[in-house]
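> Here's my sequence, what's the structure:
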Amino acid sequence: MIAQMPSTNPIGVFDSGVGGLSVLRAMRQLMPNENVIFFGDQGHVPYGPRPLEQVRAFSEGITRFLLDEGAKLIVVACNTASAAALAHLRETFPGVKFVGMEPAVKPAAETTRTGVVGVLATPATFQGALYASVVERFANGVQLLQDTCPGLVQQIEQGNLDGKETRAILESALRPMLERGIDTVVLGCTHYPFVIPLIEQMVGGSVRVIDPAPSVARQAERLVEAGGIRNTENPSAARGRVQFYTSGDAAAVESLLPKLLGESGQVARLVWEGETRLVRL
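Sure thing, here's the model as predicted:
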């Protein structure tokens, strides 16, 4: 059980790619002394267009690897994986605490003045029961305009945060929304916070852009505190260790860390055996 784990054990964080670094960045700001294992499944990115069953299999395999590495808490830093697999993971690993991503429709619906909200997310997120549940519970009386931003995840994976292709994708998504009166943009993919500066340029100061990462970091902190597993061996100002893994190009991920996370690190590569088992090279 989670309460029996040493407080120095790492928090496990995973995503389909580098998008989860937006959540890790928020966690490092809030809990800098915690040790972390981060896995980006670049070998399968993007998850968004994939069948939900396949994303569920990937998520279970990644979770098993992180638990084998001693993870005391799992943060599913991927909206698509949360939509496809979070309920399955909680059933499969009943002794493990999970933090998932939920599109921030509730705060958007509570604060919108025009009653029109834009949501940027992947196809799998929009198709998932989690998104449907959030909409049903919190979006009554609010018009939600949705766009899947095809190709945006791949641009961010390449570190292209403000190039011509990235701008074209966002303009195609946001211009029709602005014409219909949105005053809030919900980011339903962990990759998208890295282009918030570009989005804010396009929508102007009167449109609020909601980054979900800080609230996810706060939930992780609450669970660590509640479980009595906060790392007390490092002084609060000390920096915990982060071990980075990828199923893709380790050198490419390493080159993106300073730009996306604000710190550097070594990245090790893992390989998939089938769709449910990760092994070291």
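
> For the chain, give me the ranges with low pLDDT.
Residue ranges of the chain with pLDDT under 70: 1-4, 234-237.

> domain ranges for it?
2-101+214-280, 105-211 (automatic domain parsing).

> With mean neighbour count as extra columns, can I get these in JSON lines?
From N, CA and C alone the C-beta is placed, and that goes for glycine too. Listed next are those as JSON lines, based on neighbours: other Cβ atoms under 10 Å:
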{"stretch": "domain 2-101+214-280", "mean neighbour count": "19"}
{"stretch": "domain 105-211", "mean neighbour count": "18"}
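
> Please report how far the residue lying closest to residue 191 once chain neighbours are set aside lies from residue 188.
Of all residues not flanking residue 191 in the chain, residue 19 sits nearest, at 3.3 Å (Cβ to Cβ, 6 or more residues apart in numbering). Using Cβ to Cβ, to the nearest Å, residue 19 is found at 11 Å from residue 188.

> and what of residue 163?
Distance, residue 163 to residue 188, using Cβ to Cβ: 22 Å.

> now residue 148
10 Å.

> what is in contact with these two at once?
120-122, 126 (Cβ atoms under 8 Å, 6 or more residues apart in numbering).

> Counting only strands, which of these make the cut?
120-121 (DSSP state E).

> Can I get the shared contacts of residue 148 and residue 188 in JSON lines including distance to residue 72?
Conversion of these to JSON lines gives the following (distance: Cβ to Cβ, whole Å):
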{"residue": "120", "distance to residue 72": "32"}
{"residue": "121", "distance to residue 72": "29"}
{"residue": "122", "distance to residue 72": "29"}
{"residue": "126", "distance to residue 72": "32"}
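
> Residue 176 reaches residue 146, doesn't it?
No: using Cβ atoms under 8 Å, residue 176 is not in contact with residue 146; the gap is 11.0 Å.

> Distance from stretch 8-28 to the middle of the chain?
Relative to its chain's centre, stretch 8-28 lies at 8 Å (Cα atoms, centre = their mean, to the nearest Å).

> Convert the C-alpha atoms of that stretch to PDB, please.
The C-alpha trace of stretch 8-28 is given here as PDB (Å, rounded to 0.1, in the frame of the first residue of the first chain):
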ATOM      1  CA  THR A   8      12.100   9.200  -0.500                       C
ATOM      2  CA  ASN A   9      10.500   7.000  -3.200                       C
ATOM      3  CA  PRO A  10       9.800   8.900  -6.400                       C
ATOM      4  CA  ILE A  11       6.600  10.200  -7.800                       C
ATOM      5  CA  GLY A  12       6.000   8.500 -11.200                       C
ATOM      6  CA  VAL A  13       4.800  10.800 -14.100                       C
ATOM      7  CA  PHE A  14       4.000   9.800 -17.600                       C
ATOM      8  CA  ASP A  15       2.700  11.100 -20.900                       C
ATOM      9  CA  SER A  16       2.600  10.200 -24.500                       C
ATOM     10  CA  GLY A  17       5.500  12.600 -25.000                       C
ATOM     11  CA  VAL A  18       7.000  15.800 -23.700                       C
ATOM     12  CA  GLY A  19       3.600  17.300 -22.900                       C
ATOM     13  CA  GLY A  20       3.800  15.900 -19.400                       C
ATOM     14  CA  LEU A  21       6.800  18.100 -18.700                       C
ATOM     15  CA  SER A  22       4.300  21.000 -18.300                       C
ATOM     16  CA  VAL A  23       2.800  19.100 -15.300                       C
ATOM     17  CA  LEU A  24       6.300  18.100 -14.100                       C
ATOM     18  CA  ARG A  25       7.300  21.800 -14.300                       C
ATOM     19  CA  ALA A  26       4.400  22.800 -12.000                       C
ATOM     20  CA  MET A  27       5.200  19.900  -9.700                       C
ATOM     21  CA  ARG A  28       8.900  21.000  -9.500                       C
END
